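Trainee: Here's my sequence, what's the structure:
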Amino acid sequence: MPIKIKDSLPAQKTLESENIFVMTEYRAMHQDIRPLHVLVLNLMPTKIETETQLLRKLSNTPLQVDVEFLQTASYQPRHVEPSHLDTFYQVFDEIKDRTFDGMIITGAPLDYTAFEDVDYWPELCEIMKWSRTHVHCTLHMCWGVYAGLYYHYGIDKVDLPKKLSGIYEHYILKKSSPLFRGFDDIFYAPQSRAMTVEREAVEKVPELELLAVSDLAGVTILKTRDSRQFFITCHPEYDSDTLAKEYFRDRDKGMEPSLPVNYFPDDDPAREPVVRWRSTGQLFYSNWLNYYVYQSTPYDVGKIRERSE
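Mentor: You can find the predicted model right below:
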């Protein structure tokens with residue numbers, strides 16, 4: 001089954017060229033089945049790239065997924081055309097009275113920035129508070145993980161002395177979890193961040209359950225015990241060249257970045273990376289969407305708020 005997106009979203013042509021089933025609003029109007037309503041709060045400056053990566057992963061399931069995009073009203077991105085935001089994005093005031101089956105809160109390039117110093121932090125706190133009663137299951141990614149853990153559970157991030165970048169081994173702690181159906185015992189995924197949280201801090205919170213870790217990258221995947229919130233610090237949705245683009249960007253700025261580990265063959269940035277995380281990404285998003293959104297959300301999406309209260 002397809003994902004449903006607005007007509008003419010730039011990601012449509014890219015996804016269709018990759019043989020991914022995309023349904024526009026016009027075509028979906030004639031469908032009688034109830035789609036899942038998933039809201040994406042996209043905090044990344046590279047809006048279109050992030051949209052495409054997430055839609056690619058959400059598309060490969062037997063479910064119809066109605067995806068909508070949310071932007072902050074208190075901060076206007078500088079790296080995307082205003083017309084794109086006007087056409088494809090909403091702000092919180094426009095959706096705050098609605099309920100959603102699922103929500104994704106992306107990362108943001110805010111390394112070494114205190115949460116309270118982020119321009120849109122008060123608005124993000126309002127959205128995260130709202131998500132507890134208006135969203136059945138929320139997935140936090142990368143910086144969104146640390147923001148969510150700090151807001152909901154008081155766990156502060158720990159800044160790393162140097163950016164973590166590369167492809168890392170990760171170990172599953174709870175192999176019986178439906179989230180890991182189809183996973184290998186050790187899975188590979190990109191990491192790109194300069195912050196972490198201490199495992200001990202997570203394990204002290206009774207509401208949280210640690211699901212996957214990495215010897216080098218630390219805490220990787222966790223969730224609440226009621227499965228209403230998920231947190232993933234790695235990036236299984238990344239394209240093959242995402243880390244390369246970040247590396248070359250930082251190098252051209254004179255930042256002297258380290259080579260992403262286990263990424264370029266023989267550590268030669270002139271060579272094309274070999275993808276070892278594509279299946280992990282597909283399984284992760286498909287399993288999250290199926291087992292923790294579709295299988296447990298009420299058919300009447302409006303009842304999410306009743307169940308939360």
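Trainee: In a strand, residue 68, correct?
Mentor: Yes. Assigned with DSSP: H, G, I helix; E, B strand; the rest coil, residue 68 falls within a strand.
Trainee: which strand of the protein spans the most residues?
Mentor: Assignment by DSSP state E gives strand 158-172 as the longest strand of the chain.
Trainee: Show me what that one packs onto, helices and strands only.
Mentor: Judged by 3 or more C-beta pairs under 8 Å, 6 or more residues apart in numbering; DSSP states H and E, strand 158-172 is in contact with strand 186-196, strand 208-214, helix 242-252. Any C-beta I mention is one placed from the backbone N, CA and C, and that applies to glycine too.
Trainee: Could you check the angle that strand makes with strand 208-214?
Mentor: Per axes from the mean of the first three to the mean of the last three C-alpha atoms, to 10 degrees, the angle that strand 158-172 makes with strand 208-214 is 80 degrees.
Trainee: pLDDT averaged over strand 158-172 - what is it?
Mentor: Throughout strand 158-172, pLDDT has a mean value of 96.
Trainee: Any idea which of the helices and strands packed on strand 158-172 gets closest to residue 132?
Mentor: When the helices and strands packed on strand 158-172 are compared by C-beta to C-beta, strand 208-214 sits nearest residue 132, at 14.7 Å.
Trainee: partner strands of that closest one, parallel or antiparallel?
Mentor: Note on strand 208-214: by DSSP bridges, its sheet partners are strand 158-172 (antiparallel), strand 218-224 (antiparallel).
Trainee: Run the chain-centre distance for the helix or strand just after the shortest one.
Mentor: In other words, strand 218-224. Heading C-terminal from strand 218-224, the first helix or strand you meet, by DSSP states H and E, is strand 229-232. Once both centres are worked out by C-alpha atoms, centre = their mean, to the nearest Å, strand 229-232 turns out to sit 9 Å from its chain's centre.
Trainee: May I have the strands that pair with strand 229-232, each with its orientation?
Mentor: strand 135-141 (parallel), strand 218-224 (antiparallel).
Trainee: Which residues does the last one contact?
Mentor: Residues outside strand 218-224 that contact it (C-beta atoms under 8 Å, 6 or more residues apart in numbering): 170, 179, 189, 196-199, 202, 207-214, 229-234.
Trainee: any idea of the mean pLDDT in that strand?
Mentor: The average pLDDT within strand 218-224 is 98.
Trainee: Can you get me a residue count around residue 91?
Mentor: Residue 91 is flanked by 14 other residues according to other C-beta atoms under 10 Å.
Trainee: so what's it closest to, chain neighbours aside?
Mentor: Counting by C-beta to C-beta, 6 or more residues apart in numbering, residue 91 lies nearest to residue 73, which is 4.1 Å off, once chain neighbours are set aside.
Trainee: beta partners of the residue nearest the centre of the chain?
Mentor: By C-alpha atoms, centre = their mean, the chain has its centre lying nearest to residue 141, at 4.0 Å. Applying DSSP bridges to residue 141 gives these bridge partners: residue 232.
Trainee: Could you do residue 66 as well?
Mentor: Residues in beta-bridge contact with residue 66 (DSSP bridges): residue 4, residue 37.
Trainee: ranges for the strands of the stretch 1-150 of the chain?
Mentor: Counting by DSSP state E, counting those that start in this stretch, the stretch 1-150 of the chain has strands at residues 3-5, 22-24, 36-41, 65-70, 89-90, 100-105, 135-141.
Trainee: just to revisit the earlier point, compare the strands paired with strand 229-232 and give me the one nearest residue 11.
Mentor: Smallest distance to residue 11 across the strands paired with strand 229-232 (C-beta to C-beta): 17.2 Å, for strand 135-141.
Trainee: list the buried ones in the closest one?
Mentor: For strand 135-141, burial by neighbour count (16 or more other C-beta atoms under 10 Å) applies to 135, 136, 137, 138, 139, 140, 141.
Trainee: try stretch 86-100
Mentor: Within stretch 86-100, the residues that qualify as buried are 88, 89, 92, 95, 98, 99, 100, counting by 16+ other C-beta under 10 Å.
Trainee: That's all I had, so thanks and see you.
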